[in-house]
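# Just a sequence and a predicted model for now, questions to come.
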Amino acid sequence: MKKFIFSFLFLAFLATINQTYAASKNKETYEYLDLFGQIFDRVKSKYVDEVTDEELIEKAIDGMLTGLDPHSGYMDEDVWEEMQMDTRGKFGGLGIEITMEEGFVKVISPIEDTPAYKAGILAGDFIIKIDNTPVFGLTISEAVDLMRGDKGEPITITISRDNKEPFEVEIIRDIIKIQSVKYEIINNVGYLRITSFTEQTESGLIKSIKKIKEKLNNKQIGFILDVRSNPGGLLTQSVKVSDIFLERGEIVSTRGRDKSDIDRYRAKKGDMINGQPLIVLINGGSASASEIVAGALQDHKRAVIVGTKSFGKGSVQTIIPFRKSNSKLSTTGIRLTTARYYTPSGESIQGKGIEPDIIIEQGIFESKEFDRLSEADLKDSLDNENKNSEDKEDKPKNINQDRLDKDYQLARAIDLIHGINIYQQTLLDK
């Protein structure tokens, strides 16, 4: 009986402590909210320019999110609508995927066939000024707002690049529809280029593989999947692209804050290229969804990864919509980092990247020299030169030697496919 009373009293004591702790935490939270209110009122009344309540609140929300990590952020109505167009494969912009680093905008990857790409912007460049506005001190959302504009409007950005003095680049904004997959035939090798992961990527890749098989009468000796300078995109599409080449097994897993919050994505039976040799090309501009594909195919020993280490973005962002209470149509939202993703072997690549099986330095990788088989594509970019791209889609051009002389990674990938084919034929002849 005494033990029972002691246990009861001990539990009651713990409950009291928990309640006191919770009350203390709530009090602390309310004190910070009160501080926020005081600062809000002071800024509204004393700031050098008049600002609305809506502006202040939206900036506060964005600051809260971007302060957590560079990939979280607030999306107002305009950004929300543009995000919808991005995932559908149509948007306006310069053609770059960016992040924030040390207070400046850093280019993860320029998107090929876009204004930024044609202007010579490179992965790793820092944007230090947008028109006449210094970037340092801006949030990533504010920087994006400055770079956003109507089709045909010029923008001047100042670039800081290793071992060079800062220089200005003028870019003309444009709007394009994205077709994220291009293909060519290179010495009986099927070459597949994915420039970004949009809602059309899986279908475009399947169509391209079928076209290559038809044109070569199924005599292709292997395939190259090029995701160099591909900034990523939709997680679901990276899973579907990986599944095209895998027979079974886990493709990727995502893990949230709660240990039980784990989602696993697995391959369904059916390798579309029937186990033929596959090379995946990556570089420092290959990020996010590109790394999921490379990591899955590498861990399953399904492909040889060639190139240089990838970017190392291993976090998952969830898009969460919100409707303003005074509007039935207006939608805003947030992009919130909710999980990290892991390769089939359980490795996180966050800040680490995918290490190639065979390291080959870049040489000169100029994808603009590829025969354009579709409209200019890619996330954040634009191109008017491909208005008749659909008419050209079924006319792949055999690659020229001059381009192979410049693009060492691609040339070595082709050599590797031919070497594997020769070795396999030797085994069959024995």
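Received it, and whenever you're ready, just let me know what you need.
# and the host helix or strand of Glu202, what other elements does it pack with?
Per DSSP states H and E: Glu202 is located in helix 201-215. Where contact means 3 or more Cβ pairs under 8 Å, 6 or more residues apart in numbering; DSSP states H and E, helix 201-215 is packed against strand 181-186, strand 189-194, helix 235-245. No exception for glycine: its C-beta is placed from N, CA and C like everyone else's.
# Show me where the stretch 51-200 of the chain has its helices.
53-66, 77-88, 115-118, 140-147 (DSSP state H, counting those that start in this stretch).
# Tell me which of the ones you listed sits most buried.
Scoring these by mean neighbour count under mean count of other Cβ atoms under 10 Å gives helix 115-118 as the most buried, with a mean of 26.
# Quick one: list the elements packing against that helix.
Using 3+ Cβ pairs under 8 Å, 6+ apart: helix 115-118 touches strand 167-172.
# Report the buried residues of the strand it packs on.
Judged by neighbour count (16 or more other Cβ atoms under 10 Å), strand 167-172 contains these buried residues: 169, 171-172.
# Return the helix or strand in this protein with minimum mean pLDDT.
helix 389-392 (a mean of 41; mean pLDDT, DSSP states H and E).
# Now the element after that one, going C-ward?
On the C-terminal side of helix 389-392, the closest following helix or strand by DSSP H and E is helix 401-406.
# quick one: average confidence on that following helix?
Regarding helix 401-406, the rounded mean pLDDT is 75.
# Send over it as CSV, restricted to the C-alpha atoms.
The C-alpha trace of helix 401-406 is given here as CSV (Å, rounded to 0.1, in the frame of the first residue of the first chain):
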residue,chain,number,x,y,z
GLN,A,401,34.2,14.6,-83.3
ASP,A,402,35.0,18.2,-82.5
ARG,A,403,32.5,18.1,-79.6
LEU,A,404,33.9,14.9,-78.3
ASP,A,405,37.3,16.4,-78.3
LYS,A,406,36.0,19.1,-76.0
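# For whatever helix or strand comes next after that helix, name the packing helices and strands.
For helix 401-406, the following helix or strand on the C-terminal side (DSSP H and E) is helix 408-429. Secondary-structure packing of helix 408-429 (3+ Cβ pairs under 8 Å, 6+ apart): strand 189-194, strand 222-226, strand 278-282, strand 304-307, helix 401-406.
# Recalculate using a threshold of 10 Å.
Here helix 408-429 touches strand 181-186, strand 189-194, strand 222-226, strand 278-282, strand 304-307, strand 358-359, helix 401-406, going by 3 or more Cβ pairs under 10 Å, 6 or more residues apart in numbering; DSSP states H and E.
# the inter-axis angle of that helix versus strand 189-194?
Using axes from the mean of the first three to the mean of the last three Cα atoms, to 10 degrees, the inter-axis angle of helix 408-429 relative to strand 189-194 is 140 degrees.
# How far does helix 408-429 sit from its chain's centre?
On the basis of Cα atoms, centre = their mean, to the nearest Å, helix 408-429 sits 31 Å off its chain's mean C-alpha point.
# same question, stretch 401-415
Distance of stretch 401-415 from its chain centroid, counting by Cα atoms, centre = their mean, is 26 Å.
# Touching, Val306 and Ile224? I think so.
Yes: counting by Cβ atoms under 10 Å, Val306 touches Ile224, with 8.7 Å between them.
# the domain parsing of this structure - what is it?
60-65+91-174, 177-316+337-429 (automatic domain parsing).
# In the sheet, which residues pair with Tyr265? Tell me.
Under DSSP bridges, the beta-bridge partners of Tyr265 are Val252.
# per-residue confidence at the closest residue in space to Gln276 that isn't next to it in sequence?
Leaving aside its sequence neighbours, Gln276 sits nearest to Gly222 (Cβ to Cβ, 6 or more residues apart in numbering; 5.1 Å). Note on Gly222: pLDDT of 97.
# so Gly222 sits right up against Ile414, yeah?
Yes: using Cβ under 10 Å, Gly222 is in contact with Ile414, at 9.1 Å.
# overlap in contacts of the two?
Residues touching both Gly222 and Ile414 by Cβ atoms under 10 Å, 6 or more residues apart in numbering: 188-189, 279.
# Mind picking the one among those that's closest to Phe104?
Nearest to Phe104 out of the shared contacts of Gly222 and Ile414 is Ile279 (Cβ to Cβ; 34.7 Å).
# Count the residues that sit near the closest one.
Applying other Cβ atoms under 10 Å, we find 28 other residues in the vicinity of Ile279.
# what does Asn283 give?
If you count neighbours by other Cβ under 10 Å, Asn283 ends up with 25.
# and the gap between it and Ser315?
The gap separating Asn283 from Ser315 is 20 Å, by Cβ to Cβ, to the nearest Å.
# Also Ser348?
Ser348 sits 9 Å away from Ser315, taking Cβ to Cβ as the criterion.
# What sits closest to the residue nearest the centre of the chain if chain neighbours are left out?
The residue lying closest to the centre of the chain (Cα atoms, centre = their mean) is Gly232, at 2.7 Å. Closest residue to Gly232 apart from its sequence neighbours, by Cβ to Cβ, 6+ apart: Ser288 at 2.7 Å.
# burial measure for the one you found, as a count.
By the measure other Cβ under 10 Å, the count of residues near Ser288 is 29.
# can you check Tyr47 too?
10.
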